[in-house]
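> Mind folding the following:
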Amino acid sequence: MRQAVILAGGKGTRLKDRLNGLPKPLIDICGTPLLERQIELCVRQGFTNILILVNYAADKIAEFCASKQNWGIEVECIDDGEPRGTAGAVLAILDRLDPEFLVMYGDTMLEVGLTRFAVFHRSKNADATLFLHPNDHPQDSDLVEIDDEARVVALHPYPHEPGRYYHNLVNAALYMIRRDALERWSGLPGMLDFGKDIFPRMLEAGHSLCGYNSPEYIKDAGTPARLDKVCADYASGKIARSSLSVPQPIVFLDRDGVINPDMVHLDNAEDFRLFDGVGVAVKKLNEAGYRTVVVTNQPVVARGGCTLAELDQIHAKMEWLLGESGAYLNRVYFCPHHPDKGFPGEVPELKIVCGCRKPATGMVERARAELNGDFANSWVIGDTSTDMQLARNAGIRSVFVQTAGPEVDFKYPARADFIVPDLSAAVAFILDDYPPLSDWAAGFANKLGPGTLVYIGGTPSSGKTTVAAALRLALQANGRRCIVLSERRWLTIGQLDEQVHLSTSDGLAMIALAELLGNCKGPVAVDLPVVDQQPGTVERIVIGEEDVVVFEGPSVPVLSQATPGETIFVDAPEDLKRSRFLWDEHAHRSNESAENLNDLRLRREQGIIEQTRALACYELVLPLRETHGH
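Predicted coordinates:
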């Protein structure tokens, strides 16, 4: 038998106007009383005995359960008499409890894998296991500190010590408990609370307490505002989607250079700070239902620059500062290893080749296992080629942020799917810009036959590369191969100067390739110079007969006339195009020089822009507002 205890003795004073005379456990959640939703969750997951500890209006709760035929299991309402507190009520009925039981609060709405929770509890051989989660207000929450083995090492009740940073891990008031671990406390007098009275005593006495960290939905519905939030979450499907039985989309965030300035081997919490806007950006991901996971290489530990405890304090500060903006992280994973030896003060046992150091996929695979990650709908956001290679290795879409400038390092060959200025822009792109663009690309991809040539042109800095990447991803999602040939990659390093790089390229070679692909019945091998890698780097690309090939750049009119294909014209609002160009150029030249270059570029390319617009079969305005043919 599996037993659950539901603490349902509250009077519900704060919900008086919503209850219409009913006891608090029967508050309506989108057409069904909260108590019924809790019991149905337990029944679905194999619980066969439920004890409901009632007090106020106990007869009405018992009548309601009887009207439901106790949901086909053993349900008993026990009037606990005088209020005793959450723990006091349970201690009063120890003789009625199974050797192991679940404790659930009667005013919480939840969608939790209770079976998974119980299995974790047993695997740890714990006396009590607390369900933990990050929330959007850790500053006024009761926090729990756990070690690497998920053992509770400290409880930090609100209010918290000023000037100290804590991990955002909140006691969510759902417990698995062994009955015999409570027996020594059964005689305690007065009102007793689990979090404030019993668990601290258990910890001090040497009992084994564990913390189960989960992103699943559990929220208090005990006030009108909280009730409205729970009802809105239920109606939107957010509660159902939070179940770990549903694959979870994840945004993987690099730390240094994305969340905080990259100080090169940051080794203390005092120097850690967030980039402006990071808290708001992460909060938007939380609200949109993405799991947020930091994956960071920290070789500073292997080098001896800081201890694991000092690194933990850096991450506690990161979580605390994010919490001040109402944001949270579901996981923080780090790799402390470094493969190269010979540093003074290094830690020999950490000087290894491992499977977690990016671009190896160990950390993202751990997240997939722990969070049921849905990699097809996940993202990697980073500021180095290491992060982009991680995304490629794991099969996840990537966004490169230009917090250190527009140029990626040369360490790995993988390129980003999309490029934006910073984390705020990355989140805006993922949440607002990409979904309609992806929908368009999926529809357009379905129209393309094998071997189709696609030409994407348009105004400078309008988003041509973004459209090409979205189309490539849409085709790949259907198991089709797409090769994007960006005209910028055909430029040699020597041509990248203010006078010629705007509209001059090896156009004849591109025309010859387009003509070859239009007439060839077999695979074509092409050696392309790669501008954004080390000088002289050449990449060989083999283009198959059925591959869709996308040409992107200013030579589209000539190319499309030489070899027919589908032509797309891309545009964007003038202020957006200008800001994009100036951001891309800000690392190379002064603002005045960048402004002058932008004006020069617009004048020189005006003619070819108009030709592209006239020839295009499709026109897009980004951020996507409408699509049409002409």
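
> for the nearest residue to Val621 once chain neighbours are set aside, what are its contacts?
Once flanking residues are discounted, Val621 sits nearest to Asp571: 5.2 Å by Cβ to Cβ, 6 or more residues apart in numbering. Backbone N, C-alpha and C define where each C-beta goes, glycine included. Asp571 sits next to 458-459, 462, 619-622 when contact means Cβ atoms under 8 Å, 6 or more residues apart in numbering.

> out of the residues you listed, who's nearest Asp383?
Nearest to Asp383 out of the contacts of Asp571 is Leu622 (Cβ to Cβ; 23.1 Å).

> For the residue nearest to Val621, give me phi and psi.
phi -140, psi 170 (degrees, to the nearest 10).

> what's the weakest-modelled helix or strand in the protein?
Every helix and strand of the chain was ranked by mean pLDDT, DSSP states H and E. The lowest is strand 627-629, at a mean of 43.

> Kindly write the PyMOL command that selects the buried subset of the contacts of Asp571.
Remark: buried members of the contacts of Asp571, expressed as a PyMOL selection using 16 or more other Cβ atoms under 10 Å:
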select buried, resi 458+459+462+619+620+621+622
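
> So which of the contacts of Asp571 sit within strands?
Using DSSP state E, 458, 619-621 are the members of these that sit in strands.

> okay if I get the residues you listed as a markdown table plus distance to Ala376?
A markdown table is the format used below for those (distance: Cβ to Cβ, whole Å):
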| residue | distance to Ala376 |
| --- | --- |
| Gly458 | 29 |
| Glu619 | 29 |
| Leu620 | 24 |
| Val621 | 28 |
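
> Helices of the stretch 301-450 of the chain, residue ranges please.
Taking DSSP state H, counting those that start in this stretch as the criterion, the stretch 301-450 of the chain contains helices spanning 308-323, 362-371, 385-394, 423-428, 434-445.

> Kindly tell me how buried Glu324 is, as a neighbour count.
Neighbourhood size, Glu324 [other Cβ atoms under 10 Å]: 12.

> From what I see, it and Val280 are in contact.
No: between Glu324 and Val280 there is no contact, the gap being 11.0 Å when judged by Cβ atoms under 8 Å.

> So what touches stretch 339-358?
Contacts of stretch 339-358 (Cβ under 8 Å, 6+ apart): 295, 297, 299, 301-305, 333, 335-338, 360-363, 366, 386-387, 389-390.

> Please convert the buried members of the residues you listed into ChimeraX selection syntax.
Applied in ChimeraX, the following selects the buried portion of the contacts of stretch 339-358 according to 16+ other Cβ under 10 Å:
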select :295,297,299,301,302,303,305,333,335,336,337,338,360,361,363,366,386,387,389,390
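
> looking at this, Met612 is in a strand?
Met isn't right for residue 612; it's Thr. No: counting by DSSP: H, G, I helix; E, B strand; the rest coil, Thr612 falls outside a strand, being helix.

> Just list the residues touching it, thanks.
Thr612 touches 457-458, 554, 556-557, 567, 569, counting by Cβ under 8 Å, 6+ apart.

> again, 10 Å this time
Residues counted as contacts of Thr612 (Cβ atoms under 10 Å, 6 or more residues apart in numbering) are 455-459, 464, 554-558, 560, 567-570, 605, 619.

> Those in strands, which ones?
455-458, 567-570, 619.

> Nearest to Leu437 among the residues you listed?
Val570 (10.7 Å).

> Quick check: the closest one vs Thr466, distance?
8 Å (Cβ to Cβ, to the nearest Å).

> Please enumerate the shared neighbours of those two.
What both Val570 and Thr466 touch, as defined by Cβ under 10 Å, 6+ apart, is the set 456, 552, 620, 622.

> about what we covered before: let's have the ones in strands among the contacts of Asp571 in a markdown table, adding pLDDT and distance to Gly106.
Formatted as a markdown table, the ones in strands among the contacts of Asp571 follow (pLDDT from 0 to 100; distance: Cβ to Cβ, whole Å):
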| residue | pLDDT | distance to Gly106 |
| --- | --- | --- |
| Gly458 | 90 | 59 |
| Glu619 | 92 | 58 |
| Leu620 | 93 | 53 |
| Val621 | 93 | 53 |
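
> helices and strands around the stretch of helix or strand Val526 belongs to, which ones?
Assigned by DSSP states H and E, Val526 belongs to strand 524-529. For strand 524-529, the elements it packs on are strand 482-486, helix 507-519, strand 538-543, judged by 3 or more Cβ pairs under 10 Å, 6 or more residues apart in numbering; DSSP states H and E.

> Of those, flag the one that's most buried.
Among these, ranked by average contacts under mean count of other Cβ atoms under 10 Å, first place goes to strand 482-486 (a mean of 20).

> quick one: that strand to helix 434-445, angle?
110 degrees (axes from the mean of the first three to the mean of the last three Cα atoms, to 10 degrees).

> Pull up the pairing partners for strand 482-486, direction included.
strand 548-552 (parallel) (DSSP bridges).

> Just the C-alphas of the strand it pairs with, formatted as PDB.
Extracted C-alpha coordinates of strand 548-552, given in PDB (Å, rounded to 0.1, in the frame of the first residue of the first chain):
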ATOM      1  CA  VAL A 548      18.600  22.100 -51.600                       C
ATOM      2  CA  VAL A 549      21.300  24.900 -52.100                       C
ATOM      3  CA  VAL A 550      20.700  28.400 -50.800                       C
ATOM      4  CA  PHE A 551      22.800  31.300 -52.200                       C
ATOM      5  CA  GLU A 552      22.700  34.300 -49.900                       C
END
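
> Tell me the spacing between the residue lying closest to Thr129 once chain neighbours are set aside and Tyr175.
In space, and not counting its chain neighbours, Thr129 is closest to His121: 3.9 Å by Cβ to Cβ, 6+ apart. When distance is defined by Cβ to Cβ, His121 is 9 Å away from Tyr175.

> Pick out whichever of the two has more residues nearby.
Taking neighbours as other Cβ under 10 Å, His121 and Tyr175 compare with Tyr175 leading, 27 against 23.

> in what helix or strand does that one lie?
Counting by DSSP H and E, Tyr175 is part of strand 170-178.

> report the angle between the axes of that strand and helix 308-323?
120 degrees.

> The next helix or strand after strand 170-178 packs against which elements?
Once the chain leaves strand 170-178, the next helix or strand it forms, by DSSP H and E, is helix 199-204. Secondary-structure packing of helix 199-204 (3+ Cβ pairs under 10 Å, 6+ apart): strand 128-133, strand 152-156, strand 170-178, strand 209-213.

> Give me the distance from the host helix or strand of Ala4 to the chain's centre.
Using DSSP H and E, Ala4 sits within strand 3-8. Its chain's C-alpha centre lies 33 Å from the corresponding centre of strand 3-8 when counted by Cα atoms, centre = their mean, to the nearest Å.

> and it, what other elements does it pack with?
With contacts taken as 3+ Cβ pairs under 10 Å, 6+ apart, strand 3-8 sits against helix 34-44, strand 49-54, helix 58-67, strand 74-79, helix 85-91, strand 100-105, strand 170-178.

> if we go to 7 Å?
Strand 3-8 sits against helix 34-44, strand 49-54, helix 85-91, strand 100-105, with contacts defined as 3 or more Cβ pairs under 7 Å, 6 or more residues apart in numbering; DSSP states H and E.

> Could I get the buried residue list for the helix or strand just after it?
Using DSSP H and E, the next helix or strand after strand 3-8 towards the C-terminus is helix 16-19. Within helix 16-19, the residues scored as buried using 16+ other Cβ under 10 Å are 18-19.
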